[in-house]
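Participant: sequence? don't have it. structure:
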(Lines give C-alpha, C1' and ligand atoms only; values in the text may rest on other atoms or scores of the structure.)
Protein backbone atom coordinates (compact mmCIF):
# COMPACT_ATOMS: atom_id res chain seq x y z
CA UNK A 1 0.00 0.00 0.00
CA UNK A 2 1.76 3.15 -1.25
CA UNK A 3 0.63 6.22 0.67
CA UNK A 4 0.65 8.60 -2.29
CA UNK A 5 -1.85 6.36 -4.07
CA UNK A 6 -4.31 6.56 -1.19
CA UNK A 7 -7.02 9.22 -0.87
CA UNK A 8 -7.04 12.07 1.59
CA UNK A 9 -9.98 11.18 3.80
CA UNK A 10 -12.16 14.12 4.81
CA UNK A 11 -14.50 13.46 7.71
CA UNK A 12 -17.76 15.37 7.34
CA UNK A 13 -19.63 16.57 4.23
CA UNK A 14 -20.55 19.97 5.62
CA UNK A 15 -19.46 23.30 4.12
CA UNK A 16 -15.82 22.96 5.19
CA UNK A 17 -15.52 19.25 4.42
CA UNK A 18 -16.85 19.70 0.88
CA UNK A 19 -14.61 22.75 0.43
CA UNK A 20 -11.65 20.59 1.47
CA UNK A 21 -12.54 18.09 -1.24
CA UNK A 22 -12.71 20.84 -3.86
CA UNK A 23 -9.37 22.30 -2.75
CA UNK A 24 -7.72 18.87 -2.80
CA UNK A 25 -9.03 18.10 -6.29
CA UNK A 26 -7.73 21.42 -7.57
CA UNK A 27 -4.32 20.41 -6.23
CA UNK A 28 -4.41 17.06 -8.00
CA UNK A 29 -5.09 15.05 -4.84
CA UNK A 30 -7.87 12.51 -4.54
CA UNK A 31 -10.35 13.15 -1.70
CA UNK A 32 -12.78 10.76 -0.08
CA UNK A 33 -15.44 12.49 2.02
CA UNK A 34 -17.15 10.37 4.67
CA UNK A 35 -20.46 11.67 6.03
CA UNK A 36 -22.39 10.03 8.86
CA UNK A 37 -25.71 11.54 7.78
CA UNK A 38 -28.04 10.65 4.95
CA UNK A 39 -26.91 13.54 2.75
CA UNK A 40 -24.25 16.19 2.36
CA UNK A 41 -24.90 19.08 4.70
CA UNK A 42 -26.91 16.87 7.05
CA UNK A 43 -26.17 19.02 10.08
CA UNK A 44 -26.90 22.27 8.23
CA UNK A 45 -30.28 20.87 7.22
CA UNK A 46 -31.15 20.31 10.88
CA UNK A 47 -31.10 24.07 11.44
CA UNK A 48 -32.41 24.83 7.98
CA UNK A 49 -35.00 27.34 9.22
CA UNK A 50 -32.31 29.65 10.63
CA UNK A 51 -31.28 32.56 8.40
CA UNK A 52 -27.58 33.25 8.26
CA UNK A 53 -26.37 36.74 9.03
CA UNK A 54 -23.88 36.77 6.16
CA UNK A 55 -24.72 37.00 2.45
CA UNK A 56 -24.24 34.36 -0.21
CA UNK A 57 -21.16 36.19 -1.42
CA UNK A 58 -19.19 34.79 1.52
CA UNK A 59 -20.77 31.34 1.77
CA UNK A 60 -19.20 29.73 -1.30
CA UNK A 61 -15.64 28.41 -1.26
CA UNK A 62 -13.63 29.74 -4.24
CA UNK A 63 -12.31 26.32 -5.33
CA UNK A 64 -15.79 24.86 -5.00
CA UNK A 65 -17.19 27.61 -7.20
CA UNK A 66 -14.56 26.89 -9.84
CA UNK A 67 -15.54 23.22 -9.71
CA UNK A 68 -19.26 23.96 -9.97
CA UNK A 69 -19.31 26.58 -12.72
CA UNK A 70 -18.55 24.21 -15.66
CA UNK A 71 -21.66 22.20 -14.71
CA UNK A 72 -23.93 25.20 -15.38
CA UNK A 73 -24.37 26.00 -11.69
CA UNK A 74 -25.11 29.67 -11.18
CA UNK A 75 -24.04 31.39 -7.99
CA UNK A 76 -26.98 32.80 -6.01
CA UNK A 77 -27.41 36.55 -5.56
CA UNK A 78 -24.33 37.49 -3.60
CA UNK A 79 -26.17 40.06 -1.49
CA UNK A 80 -28.97 37.75 -0.36
CA UNK A 81 -29.03 36.06 3.05
CA UNK A 82 -29.92 32.36 2.80
CA UNK A 83 -31.38 30.08 5.41
CA UNK A 84 -29.54 26.91 6.30
CA UNK A 85 -31.92 24.95 4.06
CA UNK A 86 -31.21 27.30 1.15
CA UNK A 87 -27.46 27.02 1.73
CA UNK A 88 -27.72 23.23 1.65
CA UNK A 89 -30.00 23.05 -1.41
CA UNK A 90 -28.38 25.83 -3.44
CA UNK A 91 -24.72 25.03 -2.80
CA UNK A 92 -23.88 22.00 -0.68
CA UNK A 93 -26.08 19.53 -2.58
CA UNK A 94 -24.82 20.60 -6.04
CA UNK A 95 -21.24 20.50 -4.79
CA UNK A 96 -21.70 16.97 -3.44
CA UNK A 97 -23.27 15.97 -6.75
CA UNK A 98 -20.30 17.17 -8.79
CA UNK A 99 -17.92 15.39 -6.39
CA UNK A 100 -19.93 12.25 -7.07
CA UNK A 101 -18.63 9.00 -5.59
CA UNK A 102 -15.95 10.89 -3.73
CA UNK A 103 -18.68 11.66 -1.16
CA UNK A 104 -20.02 8.69 0.79
CA UNK A 105 -23.04 9.18 3.04
CA UNK A 106 -24.22 6.90 5.86
CA UNK A 107 -20.54 6.28 6.55
CA UNK A 108 -19.87 7.08 10.19
CA UNK A 109 -16.20 7.26 11.14
CA UNK A 110 -15.70 5.41 14.41
CA UNK A 111 -11.92 5.45 14.61
CA UNK A 112 -8.64 6.47 12.99
CA UNK A 113 -5.29 4.78 13.63
CA UNK A 114 -1.88 4.20 12.14
CA UNK A 115 -1.94 0.86 10.32
CA UNK A 116 -0.98 -1.92 12.71
CA UNK A 117 0.00 0.48 15.50
CA UNK A 118 -1.79 1.95 18.47
CA UNK A 119 -0.92 5.42 19.72
CA UNK A 120 1.91 4.11 21.97
CA UNK A 121 4.05 2.63 19.16
CA UNK A 122 6.64 5.00 17.65
CA UNK A 123 7.96 2.84 14.82
CA UNK A 124 6.38 3.38 11.42
CA UNK A 125 4.32 6.42 12.19
CA UNK A 126 5.97 8.36 9.35
CA UNK A 127 5.77 5.57 6.79
CA UNK A 128 2.66 3.53 7.50
CA UNK A 129 -0.68 4.84 6.20
CA UNK A 130 -3.57 5.89 8.34
CA UNK A 131 -6.54 3.53 8.55
CA UNK A 132 -10.06 4.94 8.95
CA UNK A 133 -12.67 2.66 10.52
CA UNK A 134 -16.22 3.16 9.23
CA UNK A 135 -19.64 1.99 10.38
CA UNK A 136 -22.00 1.90 7.39
CA UNK A 137 -25.01 0.58 9.25
CA UNK A 138 -24.75 -2.61 7.21
CA UNK A 139 -21.31 -3.49 8.52
CA UNK A 140 -17.80 -2.22 9.24
CA UNK A 141 -15.11 -1.16 6.79
CA UNK A 142 -11.53 0.03 6.89
CA UNK A 143 -10.19 2.59 4.43
CA UNK A 144 -6.52 3.48 3.97
CA UNK A 145 -5.63 7.18 3.89
CA UNK A 146 -2.53 9.23 3.14
CA UNK A 147 -3.95 11.96 5.39
CA UNK A 148 -7.10 12.70 7.36
CA UNK A 149 -8.82 16.09 7.61
CA UNK A 150 -11.34 16.08 10.43
CA UNK A 151 -14.06 18.54 9.40
CA UNK A 152 -16.81 16.72 11.28
CA UNK A 153 -17.90 19.82 13.18
CA UNK A 154 -19.47 19.93 16.62
CA UNK A 155 -23.21 20.04 15.85
CA UNK A 156 -23.89 16.58 17.26
CA UNK A 157 -22.17 17.42 20.58
CA UNK A 158 -24.24 20.23 22.07
CA UNK A 159 -23.33 21.45 25.54
CA UNK A 160 -25.82 20.56 28.27
CA UNK A 161 -27.96 22.85 30.42
CA UNK A 162 -25.87 22.16 33.53
CA UNK A 163 -23.69 25.08 34.54
CA UNK A 164 -20.61 22.95 35.19
CA UNK A 165 -20.46 21.46 31.70
CA UNK A 166 -22.24 18.25 32.73
CA UNK A 167 -25.99 17.61 32.58
CA UNK A 168 -27.85 19.15 35.50
CA UNK A 169 -29.45 16.78 37.98
CA UNK A 170 -32.80 15.85 36.46
CA UNK A 171 -31.93 17.21 33.02
CA UNK A 172 -32.01 13.81 31.33
CA UNK A 173 -35.17 12.78 33.20
CA UNK A 174 -36.98 15.83 31.80
CA UNK A 175 -36.64 14.27 28.35
CA UNK A 176 -37.73 16.32 25.36
CA UNK A 177 -38.89 19.20 27.54
CA UNK A 178 -35.20 20.18 27.64
CA UNK A 179 -34.01 20.46 24.06
CA UNK A 180 -31.01 21.90 22.27
CA UNK A 181 -31.37 23.94 19.08
CA UNK A 182 -33.27 26.98 17.85
CA UNK A 183 -36.98 26.12 17.53
CA UNK A 184 -38.68 26.72 14.20
CA UNK A 185 -41.61 28.87 15.26
CA UNK A 186 -42.82 29.14 11.67
CA UNK A 187 -43.75 25.48 11.88
CA UNK A 188 -47.32 25.18 13.23
CA UNK A 189 -46.50 22.19 15.42
CA UNK A 190 -43.45 23.88 16.93
CA UNK A 191 -45.37 27.09 17.47
CA UNK A 192 -48.17 25.24 19.24
CA UNK A 193 -45.62 23.49 21.45
CA UNK A 194 -44.40 26.79 22.94
CA UNK A 195 -47.47 29.05 22.66
CA UNK A 196 -48.99 29.98 26.01
CA UNK A 197 -46.19 28.35 27.98
CA UNK A 198 -43.35 29.48 30.21
CA UNK A 199 -40.17 28.95 28.20
CA UNK A 200 -36.63 29.20 29.58
CA UNK A 201 -33.86 29.95 27.08
CA UNK A 202 -30.32 29.20 28.29
CA UNK A 203 -27.33 30.73 26.48
CA UNK A 204 -25.98 34.07 25.31
CA UNK A 205 -24.55 33.51 21.84
CA UNK A 206 -26.01 34.16 18.41
CA UNK A 207 -28.22 31.08 18.58
CA UNK A 208 -29.75 32.33 21.82
CA UNK A 209 -30.31 35.79 20.34
CA UNK A 210 -32.00 34.22 17.32
CA UNK A 211 -34.33 32.21 19.54
CA UNK A 212 -35.13 35.20 21.74
CA UNK A 213 -36.05 37.36 18.76
CA UNK A 214 -38.48 34.66 17.56
CA UNK A 215 -39.92 34.07 21.02
CA UNK A 216 -40.52 37.80 21.43
CA UNK A 217 -42.88 37.66 18.46
CA UNK A 218 -44.61 34.64 20.00
CA UNK A 219 -45.11 36.51 23.29
CA UNK A 220 -46.76 39.36 21.40
CA UNK A 221 -49.04 37.04 19.44
CA UNK A 222 -49.91 34.30 21.93
CA UNK A 223 -51.36 35.29 25.33
CA UNK A 224 -49.83 33.54 28.30
CA UNK A 225 -46.45 32.96 26.68
CA UNK A 226 -43.54 33.90 28.97
CA UNK A 227 -39.81 33.77 28.27
CA UNK A 228 -37.09 33.65 30.93
CA UNK A 229 -33.57 34.17 29.61
CA UNK A 230 -30.94 32.37 31.70
CA UNK A 231 -27.51 33.99 31.47
CA UNK A 232 -24.50 32.61 33.31
CA UNK A 233 -22.83 36.01 33.24
CA UNK A 234 -23.63 38.70 35.79
CA UNK A 235 -24.79 41.33 33.28
CA UNK A 236 -25.38 41.91 29.59
CA UNK A 237 -21.86 43.18 28.90
CA UNK A 238 -21.31 42.81 25.15
CA UNK A 239 -23.89 40.09 24.61
CA UNK A 240 -25.94 42.17 22.15
CA UNK A 241 -22.91 42.85 19.96
CA UNK A 242 -21.99 46.04 18.16
CA UNK A 243 -25.32 46.99 16.59
CA UNK A 244 -24.83 49.57 13.85
CA UNK A 245 -21.03 49.26 14.09
CA UNK A 246 -21.04 45.56 13.17
CA UNK A 247 -19.64 45.13 9.67
CA UNK A 248 -22.11 42.31 9.11
CA UNK A 249 -25.34 44.36 9.35
CA UNK A 250 -27.62 41.34 9.84
CA UNK A 251 -25.51 40.21 12.79
CA UNK A 252 -25.73 43.64 14.37
CA UNK A 253 -29.49 43.78 13.73
CA UNK A 254 -29.96 40.43 15.45
CA UNK A 255 -28.45 41.77 18.67
CA UNK A 256 -30.60 44.87 18.42
CA UNK A 257 -33.78 42.79 18.06
CA UNK A 258 -32.93 40.78 21.16
CA UNK A 259 -32.08 43.94 23.09
CA UNK A 260 -35.39 45.51 22.08
CA UNK A 261 -37.24 42.39 23.20
CA UNK A 262 -35.73 42.73 26.67
CA UNK A 263 -36.42 46.47 26.81
CA UNK A 264 -40.07 45.85 25.85
CA UNK A 265 -40.50 43.33 28.65
CA UNK A 266 -41.08 40.45 26.24
CA UNK A 267 -38.08 38.57 27.62
CA UNK A 268 -37.08 38.45 31.30
CA UNK A 269 -33.32 38.10 31.88
CA UNK A 270 -32.04 36.09 34.86
CA UNK A 271 -28.38 36.86 35.48
CA UNK A 272 -25.72 34.69 37.06
CA UNK A 273 -27.85 31.57 36.65
CA UNK A 274 -25.84 28.37 36.39
CA UNK A 275 -28.28 25.50 36.41
CA UNK A 276 -27.64 22.76 38.95
CA UNK A 277 -30.98 20.92 39.08
CA UNK A 278 -34.16 20.42 37.09
CA UNK A 279 -36.90 19.53 39.58
CA UNK A 280 -40.32 18.25 38.45
CA UNK A 281 -43.31 20.05 39.93
CA UNK A 282 -46.57 18.44 41.02
CA UNK A 283 -48.56 17.24 38.04
CA UNK A 284 -45.50 16.56 35.92
CA UNK A 285 -46.15 19.30 33.36
CA UNK A 286 -43.72 21.90 34.69
CA UNK A 287 -40.27 22.06 36.21
CA UNK A 288 -38.33 24.31 38.56
CA UNK A 289 -34.80 25.20 37.52
CA UNK A 290 -32.43 25.64 40.45
CA UNK A 291 -29.08 27.39 40.17
CA UNK A 292 -25.90 26.58 42.06
CA UNK A 293 -26.60 29.39 44.52
CA UNK A 294 -30.18 28.27 45.15
CA UNK A 295 -31.99 30.72 42.89
CA UNK A 296 -35.18 29.22 41.46
CA UNK A 297 -37.05 29.76 38.19
CA UNK A 298 -40.40 28.07 38.68
CA UNK A 299 -43.23 26.74 36.52
CA UNK A 300 -41.01 26.25 33.47
CA UNK A 301 -42.74 24.16 30.82
CA UNK A 302 -40.12 24.15 28.06
CA UNK A 303 -36.33 24.65 28.17
CA UNK A 304 -34.34 25.63 25.09
CA UNK A 305 -30.63 24.97 25.60
CA UNK A 306 -28.30 27.09 23.45
CA UNK A 307 -25.09 26.90 25.45
CA UNK A 308 -22.71 26.05 22.62
CA UNK A 309 -20.99 22.92 21.40
CA UNK A 310 -17.92 20.81 22.06
CA UNK A 311 -15.78 18.52 19.87
CA UNK A 312 -16.27 14.76 19.87
CA UNK A 313 -12.76 13.35 20.30
CA UNK A 314 -13.47 9.71 21.19
CA UNK A 315 -12.91 8.32 17.70
CA UNK A 316 -9.51 10.06 17.54
CA UNK A 317 -8.24 8.24 20.62
CA UNK A 318 -5.60 6.19 18.73
CA UNK A 319 -3.90 9.11 16.99
CA UNK A 320 -1.65 11.58 18.70
CA UNK A 321 -3.24 14.98 19.28
CA UNK A 322 -1.92 18.24 20.69
CA UNK A 323 -4.96 20.08 22.02
CA UNK A 324 -5.31 23.03 24.34
CA UNK A 325 -6.50 21.77 27.75
CA UNK A 326 -9.11 24.51 28.01
CA UNK A 327 -10.61 24.92 24.55
CA UNK A 328 -9.81 21.45 23.14
CA UNK A 329 -8.59 23.23 20.02
CA UNK A 330 -5.15 22.70 18.44
CA UNK A 331 -2.61 24.13 20.86
CA UNK A 332 -1.10 26.54 18.34
CA UNK A 333 -4.54 27.82 17.33
CA UNK A 334 -6.09 28.18 20.78
CA UNK A 335 -4.47 31.51 21.76
CA UNK A 336 -5.71 33.03 18.49
CA UNK A 337 -9.37 32.18 19.15
CA UNK A 338 -9.68 32.28 22.94
CA UNK A 339 -13.13 33.81 23.59
CA UNK A 340 -11.81 35.41 26.76
CA UNK A 341 -9.58 37.56 24.53
CA UNK A 342 -11.07 37.63 21.03
CA UNK A 343 -14.52 38.85 20.09
CA UNK A 344 -13.96 41.17 17.12
CA UNK A 345 -11.62 41.18 14.12
CA UNK A 346 -8.64 39.94 16.09
CA UNK A 347 -8.40 36.28 15.06
CA UNK A 348 -5.03 36.09 13.36
CA UNK A 349 -4.37 34.27 10.09
CA UNK A 350 -3.88 30.53 10.51
CA UNK A 351 -3.70 27.44 8.38
CA UNK A 352 -1.97 24.08 8.08
CA UNK A 353 0.83 24.92 10.49
CA UNK A 354 -1.58 25.63 13.34
CA UNK A 355 -3.99 22.82 12.51
CA UNK A 356 -1.53 19.94 12.02
CA UNK A 357 -1.37 17.36 14.79
CA UNK A 358 1.63 15.39 16.08
CA UNK A 359 0.18 12.40 14.21
CA UNK A 360 1.62 12.81 10.68
CA UNK A 361 -1.06 13.67 8.15
CA UNK A 362 -3.82 14.45 10.65
CA UNK A 363 -5.45 17.89 10.64
CA UNK A 364 -8.44 19.42 12.42
CA UNK A 365 -10.41 21.93 10.37
CA UNK A 366 -13.66 23.86 10.42
CA UNK A 367 -15.69 24.20 13.57
CA UNK A 368 -13.99 21.09 15.00
CA UNK A 369 -10.71 23.02 15.00
CA UNK A 370 -12.20 25.69 17.27
CA UNK A 371 -12.96 23.16 20.00
CA UNK A 372 -15.21 24.89 22.50
CA UNK A 373 -14.59 28.41 21.20
CA UNK A 374 -17.78 29.96 19.75
CA UNK A 375 -18.53 31.99 16.63
CA UNK A 376 -16.61 30.05 14.03
CA UNK A 377 -16.89 31.58 10.56
CA UNK A 378 -17.24 29.44 7.42
CA UNK A 379 -14.82 31.59 5.45
CA UNK A 380 -12.22 30.85 8.11
CA UNK A 381 -12.74 27.15 7.41
CA UNK A 382 -12.42 27.65 3.66
CA UNK A 383 -9.05 29.32 4.15
CA UNK A 384 -7.98 26.58 6.55
CA UNK A 385 -8.58 23.79 4.04
CA UNK A 386 -7.00 25.77 1.19
CA UNK A 387 -3.83 25.93 3.28
CA UNK A 388 -4.02 22.24 4.25
CA UNK A 389 -4.52 21.15 0.64
CA UNK A 390 -1.50 23.21 -0.41
CA UNK A 391 0.59 21.63 2.34
CA UNK A 392 -0.43 18.10 1.38
CA UNK A 393 0.39 18.88 -2.26
CA UNK A 394 3.88 19.97 -1.25
CA UNK A 395 3.34 23.67 -1.93
CA UNK A 396 4.63 24.83 1.43
CA UNK A 397 4.88 28.46 0.36
CA UNK A 398 1.18 28.61 -0.53
CA UNK A 399 0.29 26.77 2.66
CA UNK A 400 2.09 29.37 4.75
CA UNK A 401 0.62 32.29 2.81
CA UNK A 402 -2.59 32.53 4.82
CA UNK A 403 -4.52 35.78 4.60
CA UNK A 404 -7.64 36.17 6.68
CA UNK A 405 -9.38 39.38 7.73
CA UNK A 406 -12.44 39.13 9.96
CA UNK A 407 -15.34 41.51 10.30
CA UNK A 408 -15.60 43.72 13.34
CA UNK A 409 -18.46 42.82 15.62
CA UNK A 410 -18.54 46.35 16.97
CA UNK A 411 -17.32 45.22 20.39
CA UNK A 412 -13.82 44.74 21.68
CA UNK A 413 -12.10 42.46 24.14
CA UNK A 414 -13.31 39.01 25.10
CA UNK A 415 -16.78 37.59 24.97
CA UNK A 416 -17.37 37.95 28.69
CA UNK A 417 -18.07 34.27 29.29
CA UNK A 418 -17.68 34.40 33.06
CA UNK A 419 -20.63 35.42 35.22
CA UNK A 420 -19.24 38.76 36.35
CA UNK A 421 -20.92 41.97 35.20
CA UNK A 422 -18.67 43.36 32.47
CA UNK A 423 -20.92 46.19 31.39
CA UNK A 424 -18.78 48.86 33.03
CA UNK A 425 -15.81 47.85 30.90
CA UNK A 426 -17.74 47.59 27.66
CA UNK A 427 -16.17 49.43 24.74
CA UNK A 428 -17.66 50.12 21.34
CA UNK A 429 -15.92 50.05 18.00
CA UNK A 430 -14.05 53.17 17.07
CA UNK A 431 -12.23 53.35 20.38
CA UNK A 432 -9.10 52.01 18.77
CA UNK A 433 -9.11 48.49 20.17
CA UNK A 434 -10.23 46.80 16.97
CA UNK A 435 -8.58 46.98 13.60
CA UNK A 436 -10.73 47.82 10.61
CA UNK A 437 -10.86 44.78 8.33
CA UNK A 438 -11.37 45.18 4.62
CA UNK A 439 -13.03 41.87 3.72
CA UNK A 440 -16.20 40.46 5.29
CA UNK A 441 -16.42 36.76 6.14
CA UNK A 442 -19.21 34.29 6.70
CA UNK A 443 -20.95 32.34 9.35
CA UNK A 444 -20.67 28.61 9.56
CA UNK A 445 -23.48 27.36 11.83
CA UNK A 446 -26.42 28.65 13.78
CA UNK A 447 -24.25 29.43 16.76
CA UNK A 448 -22.48 31.90 14.52
CA UNK A 449 -24.85 32.38 11.70
CA UNK A 450 -28.36 33.41 12.65
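Facilitator: Done, it's in. Everything numeric in this text was worked out from a predicted model, so none of it was measured.
Participant: The stretch 301-450 of the chain: helices as residue ranges?
Facilitator: 334-337, 352-355, 378-392, 396-400, 446-449 (DSSP state H, counting those that start in this stretch).
Participant: now for those, which one comes closest to residue 261?
Facilitator: helix 446-449 (18.2 Å; C-beta to C-beta). Using the backbone N, CA and C atoms, a C-beta is placed for each residue, glycine as well.
Participant: What distance do you get for residue 56 to residue 74?
Facilitator: Applying C-beta to C-beta, to the nearest Å, the value for residue 56 to residue 74 is 11 Å.
Participant: Looking only at neighbour counts, state which of those two leads.
Facilitator: Taking other C-beta atoms under 10 Å, residue 56 and residue 74 do not tie; residue 56 has more neighbours (20 against 9).
Participant: The more buried one: what's it in contact with?
Facilitator: 75-82 (C-beta atoms under 8 Å, 6 or more residues apart in numbering).
Participant: Not counting sequence-adjacent ones, nearest residue to it?
Facilitator: residue 76 (4.5 Å; C-beta to C-beta, 6 or more residues apart in numbering).
Participant: Compute the number of surrounding residues for that neighbour.
Facilitator: 17.
Participant: what's the spacing between it and residue 251?
Facilitator: 19 Å.
Participant: now do residue 17
Facilitator: 24 Å.
Participant: Repeat that for residue 23.
Facilitator: Where residue 251 is concerned, residue 23 sits at a distance of 27 Å (C-beta to C-beta).
Participant: More neighbours: which of these two?
Facilitator: residue 23 (29 against 26).
Participant: So which elements touch the strand or helix carrying that one?
Facilitator: Using DSSP states H and E, residue 23 falls within helix 15-26. Contact partners of helix 15-26 among helices and strands, from 3 or more C-beta pairs under 8 Å, 6 or more residues apart in numbering; DSSP states H and E: strand 8-11, strand 31-34, helix 62-68, helix 93-99, helix 378-392.
Participant: Centre of the chain to that helix, how far?
Facilitator: 18 Å (C-alpha atoms, centre = their mean, to the nearest Å).
Participant: What residues sit buried inside stretch 90-109?
Facilitator: If you call a residue buried by 16 or more other C-beta atoms under 10 Å, then stretch 90-109 has these buried ones: 90-92, 94-96, 98-99, 102-103, 105-109.
Participant: how far out from the middle of the chain is stretch 197-215?
Facilitator: How far stretch 197-215 lies from its chain's middle: 17 Å, per C-alpha atoms, centre = their mean.
Participant: end to end, how far does that stretch reach?
Facilitator: With C-alpha to C-alpha, to the nearest Å as the measure, stretch 197-215 spans 11 Å from end to end.
Participant: and if you look at stretch 46-60?
Facilitator: One end of stretch 46-60 sits 19 Å from the other (C-alpha to C-alpha).
Participant: ok, and for that stretch, which residues are buried?
Facilitator: Buried residues in stretch 46-60 (16+ other C-beta under 10 Å): 46-56, 58-60.
Participant: next one: stretch 3-19
Facilitator: 3, 6-19.
Participant: Then stretch 321-333?
Facilitator: 321, 323-324, 327-330, 333.
Participant: now, which of the residues you listed lie within strands?
Facilitator: Counting by DSSP state E, the buried residues of stretch 321-333 place none of their members in strands.
Participant: which regions of the stretch 351-450 of the chain sit below the pLDDT cut-off?
Facilitator: The model of the stretch 351-450 of the chain has pLDDT under 70 over residues 404-450.
Participant: can you put the buried residues of stretch 46-60 in CSV and add pLDDT and secondary structure?
Facilitator: Formatted as CSV, the buried residues of stretch 46-60 follow (pLDDT from 0 to 100; DSSP: H, G, I helix; E, B strand; the rest coil):
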residue, pLDDT, secondary structure
46, 94, helix
47, 94, coil
48, 94, coil
49, 94, coil
50, 92, coil
51, 90, strand
52, 88, coil
53, 80, coil
54, 78, coil
55, 85, coil
56, 91, helix
58, 87, helix
59, 94, coil
60, 95, coil
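Participant: what's the closest of these to residue 312?
Facilitator: residue 46 (15.8 Å).
Participant: What distance do you get for the closest one to residue 182?
Facilitator: From residue 46 to residue 182 the distance is 10 Å (C-beta to C-beta).
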